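*Asks:* My questions concern the predicted model and sequence given below.
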Amino acid sequence: MSHEIEEGTDKVYTYGDKAWHRMDENYNTPLTKEIISPLFIPLLEGQASVNIDGIETPLEGWKTVVADIRNSDIEGDFRPIHVARERYEILQNEVLFNALEESLEGIPHEIVSAGTLGGLAYFFASVKFKEDFEIKLPDGSECKAYFSLFTSHNGTKNANYYDTTHRTVCMYTLRSSFEARGEQGFKLSHTKNANVRIHDMANIMNNVLNGRRKFEEKMNELYSIDCNVSMAEKFTAGFFAEKTNAKEALSTRTKNQVDEVVRLAWNGLGNTGENLFYLAQGATEFWTSGMGTGGEGRDAGRKAFSADFGSGMDQKTSFLSDLTNPVRREKLIARGEKVLLSA
């Protein structure tokens with residue numbers, strides 16, 4: 001399942017709306033450290049070894065990472081999580097959460113979700129600020145914003161603190177939240193002497209809130225710029241031409257992708273075309289749930305994976321950056337006109 005919640009091992013806690021998968025423990029009050037304490041299962045390291053012809057042989061330079069579940073309600077004593085290089089540093093869930101809470105001291109907030117996924121391989125938490133909680137879009141809609149913590153213990157991801165428009169409640173929403181993250185945040189690598197203390201968090205939070213306001217300003221600016229189908233096709237064609245290093249005409253596959261982005265700008269979810277804001281929305285939908293994630297044949301989990309850990313996030317960020325930059329925008333429109341004429 002795309003939620004990757006292992007029954008009997010992983011736990012998910014939520015405040016507010018119950019999670020879509022209905023596998024969460026839902027509370028009618030904000031989450032506290034005491035409530036989510038079962039998530040703080042200690043991780044231990046030991047010498048990695050391999051059994052060869054009945055002989056246990058140490059693997060020099062490698063170590064094992066296991067979850068110590070002896071004092072939990074999970075069946076067993078230890079659970080293997082990762083085989084890592086010697087330089088790998090364990091960042092405990094509780095330590096990362098403590099750093100988050102200490103850094104938010106004095107900032108009105110609520111912990112709205114927390115949990116483990118993938119058989120204790122991942123840990124997450126989502127925070128809602130009591131003020132500046134919603135981002136207002138120029139078409140009259142609003143999206144909620146959360147400050148989130150996400151880490152893996154299996155070598156796939158660093159510890160990340162980031163601003164996003166998704167509350168995390170499972171692996172699907174974790175990938176979506178990471179894909180929808182803003183520019184403000186930071187990460188901590190799992191290396192020796194990793195410092196989990198979050199420096200100057202007040203400044204980081206100020207940047208997060210400023211980032212939300214700047215995002216609103218960018219969206220309003222795009223909404224104010226008229227865009228017809230021809231302009232949308234030229235810009236999108238120019239964007240793809242640069243990404244694919246097309247010298248003349250676009251390939252049939254790439255031209256189909258251009259057409260799909262433009263179609264979504266006019267006919268995607270809530271989109272009506274007519275300005276650059278809807279072109280940005282069309283591109284977002286293309287790389288989040290559409291053809292840009294692999295087409296209609298891919299399941300939702302794999303699409304989210306592509307949007308997050310594949311090239312989807314990079315493409316969306318690059319598209320929006322180019323669209324909001326007048327110089328880049330005109331350059332790509334000119335290039336798009338050229339490759340379309342060569343078709």
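*Replies:* Sure thing, it's come through.
*Asks:* As a check, name the ranges of all helices in the stretch 201-343 of the chain.
*Replies:* For the stretch 201-343 of the chain, the helices defined by DSSP state H, counting those that start in this stretch cover 201-223, 229-244, 252-267, 276-288, 300-309, 312-324, 326-341.
*Asks:* To clarify, my last question referred to the stretch 1-150 of the chain.
*Replies:* With DSSP H, counting those that start in this stretch as the criterion, the stretch 1-150 of the chain has helices at 93-103.
*Asks:* Could you list the low-confidence segments of it?
*Replies:* Along the stretch 1-150 of the chain, segments meeting pLDDT under 70 span 1-2, 132-136, 142-143.
*Asks:* got TSV for the helices of the stretch 201-343 of the chain, with mean neighbour count, mean pLDDT and distance to L174 too?
*Replies:* Any C-beta I mention is one placed from the backbone N, CA and C, and that applies to glycine too. TSV is the format used below for the helices of the stretch 201-343 of the chain (neighbours: other Cβ atoms under 10 Å; pLDDT from 0 to 100; distance: least, Cβ to Cβ, whole Å):
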stretch	mean neighbour count	mean pLDDT	distance to L174
helix 201-223	16	74	19
helix 229-244	21	93	27
helix 252-267	18	92	25
helix 276-288	24	88	14
helix 300-309	20	38	8
helix 312-324	18	81	13
helix 326-341	17	93	31
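*Asks:* closest to E75 out of these?
*Replies:* With Cβ to Cβ, the closest approach to E75 among those belongs to helix 300-309: 26.6 Å.
*Asks:* closest to H153 out of the helices of the stretch 201-343 of the chain?
*Replies:* helix 300-309 (16.5 Å).
*Asks:* Can you name the residues in contact with stretch 26-44?
*Replies:* Contacts made with stretch 26-44 from outside it, assessed by Cβ atoms under 8 Å, 6 or more residues apart in numbering, are listed as 11, 13-15, 18-19, 65-69, 72-74, 78, 81, 90, 92-94, 97-98, 101, 110-116, 120, 123, 125, 153.
*Asks:* what about burial for these, which qualify?
*Replies:* 11, 13-15, 19, 65-67, 69, 72, 74, 81, 90, 92-93, 97, 111-116, 120, 123, 125, 153 (16 or more other Cβ atoms under 10 Å).
*Asks:* returning to what we had before: would you list the helices of the stretch 201-343 of the chain in TSV and tack on distance to E131?
*Replies:* Formatted as TSV, those follow (distance: least, Cβ to Cβ, whole Å):
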stretch	distance to E131
helix 201-223	8
helix 229-244	36
helix 252-267	33
helix 276-288	25
helix 300-309	28
helix 312-324	26
helix 326-341	33
